[in-house]
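In: structure of the sequence below:
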Amino acid sequence: MTMRVLMQCLSLVEAQHCVNLLLSAGIRAEVRNAFLAGAVGEIPFIEAGPQVWIDERQDPEGARAILAEARQAAARPPWRCAGCGEMIEGQFTSCWNCGEVRPFAPD
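Out: Predicted structure coming up:
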């Protein structure tokens with residue numbers, strides 16, 4: 001199966017997080033160049049950083065949209081659960097304490 005590069009990341013953690021998001025959306029993805037950062041100093045870092053690759057049959061714009069949506073979700077403000085009053089971080093759509101679903105709020 002042929003893969004193509006989707007993006008470069010500054011850290012292995014970021015790259016793996018992106019791959020996990022894509023995999024959960026049904027897009028075949030993998031991290032490459034995970035260990036080349038150790039060669040920094042001999043080759044330019046931007047070329048040595050970890051990369052996210054996807055199956056060439058997948059839509060790269062759709063994959064980028066999934067990652068953009070995740071970034072927006074993480075930037076949402078915290079909210080208070082109507083069920084139990086717990087403060088919940090903005091990226092979560094339900095309460096960890098009681099399971100109440102976050103009320104709809106247009107972005």
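
In: helix, strand, or coil at the residue sitting nearest the centre point of the chain?
Out: Among the residues of the chain, the one closest to the centroid is Cys18, at 3.5 Å (C-alpha atoms, centre = their mean). Here Cys18 takes the helix state, with states given by DSSP: H, G, I helix; E, B strand; the rest coil.

In: quick check: it touching Met7?
Out: Yes: in this structure, Cys18 sits in contact with Met7. The criterion is C-beta atoms under 8 Å, and the distance is 7.1 Å. Where you see a C-beta, it was placed from the backbone N, CA and C, and this is true even at glycine.

In: between the two, which contacts overlap?
Out: Jointly contacting Cys18 and Met7 under the rule C-beta atoms under 8 Å, 6 or more residues apart in numbering are Val52, Leu67.

In: pLDDT score assigned to the residue nearest to the centre of the chain?
Out: At Cys18, the model reports a pLDDT of 95.
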